[in-house]
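Q: turn this into a structure:
(chains A and B)
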Amino acid sequence: MNLLEIDNLHVSIDGKEILKGITLSIPEGEVHAIMGPNGSGKSTLSYALAGRAGYEVTRGRMLYRGEDLTGLSPDRRAALGVFLALQYPVEIPGVTTITFLKTALNAQRRARGESEMDAMQVLRRVRKKAHALNVSEDMLKRPLNAGFSGGEKKRMEILQMSLFEPKLAILDETDSGLDIDALKLVASGVNAQRAADRAMLVITHYQRLLDYIVPDRVHVLAQGRIVTSGGPDLARELELRGYGAVVEAA
Amino acid sequence: MSAKVETAERVADLSGDKYKYGFVTDIEMERGAKGLNEAAVRFISSRKQEPEWMLEWRLSALQRWRQMTEPKWARVHYPPIDYDDAYYYAAPKSQDSRPKNLDDVDPKLLDTYRKLGIPLSEQKLLAGVAVDAVFDSVSVATTFKAKLNEAGVIFCPISEAIREHPDLVRKYLGTVVPVTDNFFATMNSAVFSDGTFVYVPKGVRCPMELSTYFRINASETGQFERTLIIADENSHVSYLEGCTAPKRDEHQLHAAVVELIALDGAEIKYSTVQNWYPGDEQGKGGIYNFVTKRGDCRGKRSKISWTQVETGSAITWKYPSCILRGDDSVGEFYSIAITNHFQQADTGTKMLHLGRNTRSRIVSKGISAGKAQNTYRGLVSVHARADNARNHTQCDSLLIGADCGAHTVPYIESRNPSAKIEHEATTSKISDDQLFYALARGIPQEEAVALIVNGFCREVLQQLPMEFAVEAQKLVGISLEGSVG
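A: Okay, here's the model as predicted:
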């Protein structure tokens, strides 16, 4: 079954059309990669899926488990199991990481009609997940992302993904700003979360990340459209020949 | 519970109203005549069975007040107030005989406080917090008096202190905020009705948090509380006040005076959670909160710390200050002022460094939303004798939306070259990125705003006594509901 079916999606920002008819399906259990040059609309697609204000869907649909996401608020989408790991995680001064995690987790649970977890339950659950990602106790006590290194911020994103257990995880340029060791750590965190009932959309500029998170399918995005799709080999071809040649050939 | 109250509550629920404390208690009241004049002053003094000296003190204040003009320098705007068209005394009739213990207090009053979240029966009270409950112009109940008495701590309504501890009252009343201090303080000196008196004897650490809960209930009536706290040598006390009022279309005046005195080595921590009715979304109604609060670090090594969370009132005009008279004394001011819709706040502090090696710290967090105006106004003054005085001021403003204003007006005066004064100020907005990030993690918009604002205020919220910090955090969220989106 397809977890996500994007059908002829058009998205505008301030009246300017950025996505010009994207069609894409991701079955449960698969990892798809979106690659593309700067300005091709990769981040726009991730924000449109997450429901950010200002990203206006003018045509088409985004069916998530058969339900159109268009019109649902971002928090509602999160509660339904859509997760977006941001390219630039945001600092929230004065709000400790653990407080933020507890607030978010309980907000999602509440929206789904589940009981809220108390501070101890949340802490136990977070600690279990944090260890694998090398997220220290100290990081949990610090304000969210404030003064975190690039690697720490990305690990925190993946920690949240593992905590919220989404059905659809969108990773927007999770490799940007990471050195090779940090990249491996993040990738192994992501791989650990591949599951039969979960789909992932990995957005990246470089093929490098896909050496560690091997996708089932690769789609190339250029000027707001998917110009070609293929298996993992397509990513390597892009690396060899460059976007220009591949896009032109398509 | 009267039918009227129930109906009011239901209407508030239906209209999605955020101010939970806007109900009216239907209770028979005794009032003085309208107007601020000698008859009103004599009426109040006689209702309180005051000694002659107190009446004289009040009358001298009234005389002085008549020659004064209302201050206009604050950044707040309101139509002229007709001081003769308001009541200055209102008290529940059932309290006439001044109940000796809680069992005798009118159940309607107990019920009012229960609904406000302040159960007055000692078994149900927060462990370790004593409460004085002031309803319009009178104190209706004071809890844990006996237990405090064992420690030698006096905690009672000020009207009772005037009768039963006249020497202490005469020695200290008006010594921090003189009768002639300012228009509103002088008015208060003439017509103050009730408030709290605290005396902590030498070397005593007060065994529990003390608190006063102020409730305005009667219409067209001002509340003029007077609080006096004395911490004798090497003593310690922590005190908290909370305030609410019914929703009304008219404006009501609250003009309080609070005086704190810390002698050698004493420490007073004074916290306020001010949630007077702020008026509606169109700016109709709400309390005018014109308050003079000042602490005197009279002794060496004494310390006074103000913490305020100001979320209510249509207008707040308030500058809790410290006179750092004793050598090595310390003054602190931690403030959160939130204004939404048409609320106006002009608040801050004065740190007057008179003694040597005196230190002060100011942390002000102003949050403005809707069409509100929020001003921090502060004075740091170092006198010639105050060698090695230190001040650090941190003033942060947060704007939500495009129609509100934040203003910072710091005054710094130094007459001593050894002084070190630091002032930092920032102004920021809740960014779309922050808001989206929280939303994308499943946190609904209003909760996200509350979370981000609470983070912004964290330094100040941490200063509140534990029992109240959680409530204050919730209040921060509630005050800003409807401010985004």
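Q: list the contacts of the residue nearest to B:Ala185 when sequence neighbours are not counted.
A: Setting aside the residues directly before and after it, B:Ala185 is nearest to B:Thr292 in space (C-beta to C-beta, 6 or more residues apart in numbering or on different chains), at 4.1 Å. In this view, the C-beta of every residue, glycine as well, is placed from N, C-alpha and C. Each residue near B:Thr292 by C-beta atoms under 8 Å, 6 or more residues apart in numbering or on different chains is listed here: B:Val177, B:Asp181, B:Asn182, B:Phe184, B:Ala185, B:Asn188, B:Ala256, B:Val257, B:Val258, B:Lys318, B:Tyr319.
Q: any idea which helix or strand carries B:Thr292?
A: Assigned by DSSP states H and E, B:Thr292 belongs to strand B:286-297.
Q: after that strand comes which helix or strand?
A: Where DSSP H and E defines the elements, the next helix or strand beyond strand B:286-297 is strand B:303-310.
Q: within its sheet, name the partner strands of whichever helix or strand comes after that next one and how each one runs.
A: Next along the chain after strand B:303-310, taking DSSP H and E as the criterion, comes strand B:315-318. Partners of strand B:315-318 in the sheet, by DSSP bridges, are strand B:286-297 (parallel), strand B:344-353 (parallel).
Q: a markdown table for the ones you listed, including mean pLDDT?
A: Listed next are these as a markdown table, based on pLDDT from 0 to 100:
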| stretch | mean pLDDT |
| --- | --- |
| strand B:286-297 | 96 |
| strand B:344-353 | 96 |
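Q: redo the ones you listed as TSV? Include distance to A:Leu234.
A: As requested, the strands paired with strand B:315-318 are arranged in TSV below (distance: least, C-beta to C-beta, whole Å):
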stretch	distance to A:Leu234
strand B:286-297	65
strand B:344-353	60
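Q: wait, which of the ones you listed is closest to A:Val135?
A: strand B:344-353 (40.3 Å; C-beta to C-beta).
Q: and that closest one, how far out from the chain's middle?
A: How far strand B:344-353 lies from its chain's middle: 13 Å, per C-alpha atoms, centre = their mean, to the nearest Å.
Q: stretch B:410-423 now?
A: Worked out by C-alpha atoms, centre = their mean, stretch B:410-423 lies 28 Å from the chain centre.
Q: ends of that stretch, how far apart?
A: End-to-end distance of stretch B:410-423 (C-alpha to C-alpha, to the nearest Å): 9 Å.
Q: pull out the buried residues from that stretch.
A: Going by neighbour count (16 or more other C-beta atoms under 10 Å in any protein chain shown), the buried part of stretch B:410-423 is B:Pro410, B:Ser414, B:Ala419, B:Ile421.
Q: helix, strand or coil for the last one?
A: Same thing as B:Ile421. Of the three states, B:Ile421 takes strand under DSSP: H, G, I helix; E, B strand; the rest coil.
Q: so what's it up against?
A: Contact analysis of B:Ile421 by C-beta under 8 Å, 6+ apart lists B:Val380, B:Val382, B:Ala389, B:Arg390, B:Asn391, B:Thr393, B:Ile412, B:Ser414.
Q: looking at the strands paired with strand B:315-318, which is closest to A:Ala249?
A: Using C-beta to C-beta, those put strand B:344-353 closest to A:Ala249, at 64.7 Å.
Q: next helix or strand past the closest one?
A: Sequence-wise, the next helix or strand downstream of strand B:344-353 (DSSP H and E) is strand B:359-368.
Q: partners of that next one in the sheet?
A: Next to strand B:359-368 in the sheet, as set by DSSP bridges, lie strand B:330-339 (parallel), strand B:390-399 (parallel).
Q: got JSON lines for the ones you listed, with mean neighbour count and mean pLDDT too?
A: As requested, those are exported to JSON lines (neighbours: other C-beta atoms under 10 Å in any protein chain shown; pLDDT from 0 to 100):
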{"stretch": "strand B:330-339", "mean neighbour count": "27", "mean pLDDT": "96"}
{"stretch": "strand B:390-399", "mean neighbour count": "21", "mean pLDDT": "96"}
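Q: where along chain A do the strands fall?
A: Per DSSP state E, chain A carries strands over the ranges A:2-13, A:16-27, A:31-35, A:55-64, A:67-68, A:82-85, A:168-172, A:199-204, A:217-222, A:225-230.
Q: quick check: residues of chain A near chain B?
A: A:50-53, A:73-75, A:77-79, A:83-84, A:86, A:88-95, A:99-100, A:103-105, A:107-108, A:111, A:143, A:160, A:164 (C-beta under 8 Å from any C-beta of the partner chain).
Q: ok, back up a step: can I get the strands of chain A in a markdown table with mean pLDDT and mean neighbour count?
A: Shown next, in a markdown table, are the strands of chain A (pLDDT from 0 to 100; neighbours: other C-beta atoms under 10 Å in any protein chain shown):
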| stretch | mean pLDDT | mean neighbour count |
| --- | --- | --- |
| strand A:2-13 | 97 | 19 |
| strand A:16-27 | 97 | 17 |
| strand A:31-35 | 97 | 24 |
| strand A:55-64 | 97 | 17 |
| strand A:67-68 | 96 | 12 |
| strand A:82-85 | 98 | 26 |
| strand A:168-172 | 97 | 25 |
| strand A:199-204 | 96 | 25 |
| strand A:217-222 | 96 | 22 |
| strand A:225-230 | 95 | 16 |
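Q: of all those strands, which lies closest to B:Arg359?
A: Closest of the strands of chain A to B:Arg359 is strand A:82-85, at 45.9 Å (criterion: C-beta to C-beta).
Q: paired strands for that closest one, with orientation please.
A: Checking strand A:82-85 against DSSP bridges gives partners strand A:168-172 (parallel).
Q: what residues does the partner strand touch?
A: Strand A:168-172 has contacts (C-beta under 8 Å, 6+ apart) with A:3-4, A:26, A:42-43, A:46, A:49-50, A:64, A:81-87, A:157, A:161, A:190, A:193, A:198-203.
Q: can you do 6 Å?
A: Contact with strand A:168-172 is made by A:3-4, A:43, A:46, A:49, A:82-87, A:161, A:199-203, as judged by C-beta atoms under 6 Å, 6 or more residues apart in numbering or on different chains.
Q: stretch B:143-152 now?
A: B:Glu122, B:Ala130, B:Val131, B:Phe155, B:Pro201, B:Val204, B:Pro207.
Q: now list the buried members of the residues you listed.
A: Neighbour-count burial (16+ other C-beta under 10 Å) applied to the contacts of stretch B:143-152 gives B:Ala130, B:Val131, B:Phe155, B:Pro201, B:Val204.
Q: before we move on, the earlier item: inside helices: which ones of the residues of chain A next to chain B?
A: A:50, A:74-75, A:77-79, A:99-100, A:103-105, A:107-108, A:111, A:160, A:164 (DSSP state H).
Q: what distance do you get for the residue positioned nearest the centre of chain A to A:Val57?
A: Against the mean C-alpha coordinate of chain A, by C-alpha atoms, centre = their mean, the closest residue is A:Ile170 at 2.0 Å. As judged by C-beta to C-beta, to the nearest Å, A:Ile170 and A:Val57 stand 16 Å apart.
Q: can you check A:Asn191 too?
A: Using C-beta to C-beta, A:Asn191 is found at 32 Å from A:Val57.
Q: how close does B:Leu173 sit to chain A?
A: Look at B:Leu173 and chain A: by C-beta to the nearest C-beta, to the nearest Å, they are 40 Å apart.
Q: so who does the residue nearest to that residue when sequence neighbours are not counted touch?
A: Once flanking residues are discounted, B:Leu173 sits nearest to B:Leu228: 5.9 Å by C-beta to C-beta, 6+ apart. For B:Leu228, the contact set (C-beta under 6 Å, 6+ apart) comprises B:Leu173, B:Phe197, B:Glu259.
Q: nearest residue to whichever residue of chain A sits closest to chain B other than its sequence neighbours?
A: Per C-beta to the nearest C-beta, the residue of chain A with the smallest distance to chain B is A:Gly94, at 3.0 Å. Spatially, and ignoring its direct neighbours in sequence, A:Gly94 is nearest to B:Gly455 (3.0 Å; C-beta to C-beta, 6+ apart).
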